[in-house]
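Novice: Pasting a predicted model and its sequence here:
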Amino acid sequence: MSKIFRLVATFLVLFALSIFAQKNEKEEQIVKSYFDSLKTDEKAIYSPNDLMAAAALWLLNTPYAAGILEKNAEEDLVVNLQELDCMTFVENCLAMSRSAQYPNPDYDYFIRELKKIRYRNGLIQGYTSRLHYTSDWIYDNAAKGEIEDVTYALGGKKFKPNVYYMSSHPDLYPALIKNQQDMEVIIEIEKRINRRNNYYYIPRNEIGDKTSLIKSGDIICFTTELPGLDISHMGIAYWHKGQLSFIHASSKAKKVIIETESIGDYCRRNKSNTGIIVLRELSVNVNNEQ
């Protein structure tokens with residue numbers, strides 16, 4: 001009986017590894033095909049903004065799925081380019097863009113960049129090391145030199161986050177239900193975010209005045225007045241048919257789309273949105289990163 005059990009167990013493990021390998025191969029092919037698309041013009045010089053916009057366009061029509069990062073029993077790097085929510089869409093675009101800046105970009109660079117972007121100090125140290133709140137994500141990635149918050153330079157006004165959504169809705173986060181210690185850490189992280197005084201936003205009625213200063217490839221974060229939240233949605237700015245719109249993983253369209261509305265109109269139509277934060281990718285220092 002024990003021999004049969006061992007054989008079944010071995011089969012299940014090999015089957016799981018096979019499924020993982022197949023999935024990983026698909027993710028790698030998506031990233032590689034993006035790199036290959038940039039080689040069509042050997043003389044082209046791409047800025048980080050160019051690369052971000054290209055990555056966003058490369059992922060157009062990818063199906064939308066919610067809660068992608070909340071499904072693992074143990075915290076580990078989730079790599080999924082076949083389903084995206086608004087945060088994982090932006091993270092994957094940023095990882096693709098940054099890895100594309102290396103002389104010989106490959107999938108390993110992409111994985112390394114994705115991990116660095118998603119986790120505090122780029123280190124996976126349990127559930128609470130993931131940058132759950134977007135304002136915390138901004139703070140940490142700016143400190144790591146991944147992005148620059150250009151909102152203040154564009155004439156932004158003070159934005160004071162007041163986050164408590166995760167600690168007040170533990171039923172939405174299975175990891176917090178199971179681990180009281182993690183809940184206590186999340187509460188401390190929320191307090192730390194709320195003490196910061198270095199965030200700015202462009203109020204929704206002033207977005208039109210700043211449109212000319214926003215570039216395709218900039219990251220757009222929509223600030224919100226929903227209780228306990230800081231930012232409710234993210235996307236990649238994109239000038240399209242003479243209008244500043246954005247590319248995003250849309251829960252309404254159920255896929256990644258180029259939004260038909262301008263950023264300003266989209267923000268004003270969603271009544272809980274108060275404005276936007278504008279982030280810009282920084283160039284990779286290849287010598288320091290290798």
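Specialist: On my side now, so go ahead. Residues are numbered from 1 along each chain as shown.
Novice: host element of the residue positioned nearest the centre of the chain?
Specialist: Nearest to the mean C-alpha position of the chain, counting by CA atoms, centre = their mean, stands E91 at 2.9 Å. Element membership for E91 (DSSP states H and E) is helix 86-99.
Novice: Please apply the same query to F246.
Specialist: strand 243-250.
Novice: Sheet-wise, list the partners of that strand with their directions.
Specialist: strand 231-240 (antiparallel), strand 255-258 (antiparallel) (DSSP bridges).
Novice: Tell me the gap between that strand and the middle of its chain.
Specialist: 14 Å (CA atoms, centre = their mean, to the nearest Å).
Novice: quick one: buried residues of that strand?
Specialist: Of the residues in strand 243-250, 244-250 count as buried by neighbour count, 16 or more other CB atoms under 10 Å. Every C-beta, even on glycine, is put in place using the N, C-alpha and C of the backbone.
Novice: Need the mean per-residue confidence for that strand.
Specialist: This predicted structure assigns strand 243-250 an average pLDDT of 97.
Novice: ok, now stretch 96-110?
Specialist: Stretch 96-110 comes out at a mean pLDDT of 95.
Novice: Also stretch 39-58?
Specialist: The average pLDDT within stretch 39-58 is 90.
Novice: Mind listing residues that contact that stretch?
Specialist: Applying CB atoms under 8 Å, 6 or more residues apart in numbering, the external contacts of stretch 39-58 come out as 30, 33-34, 37-38, 89, 92-94, 96-98, 100-101, 215-219, 236, 238, 247, 256, 280-283.
Novice: And for stretch 109-120?
Specialist: In contact with stretch 109-120 (CB under 8 Å, 6+ apart) are residues 31, 77, 79, 91-92, 94-96, 98-99, 102, 122, 124-125, 129-131, 136, 140-141, 144, 146.
Novice: Buried ones from these, can you make that a PyMOL selection?
Specialist: Applying 16+ other CB under 10 Å to these, the buried members can be selected in PyMOL as follows:
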select buried, resi 31+79+91+92+94+95+96+98+99+102+122+129+130+131+136+140+141+146
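Novice: next helix or strand past the helix holding E91?
Specialist: helix 107-118.
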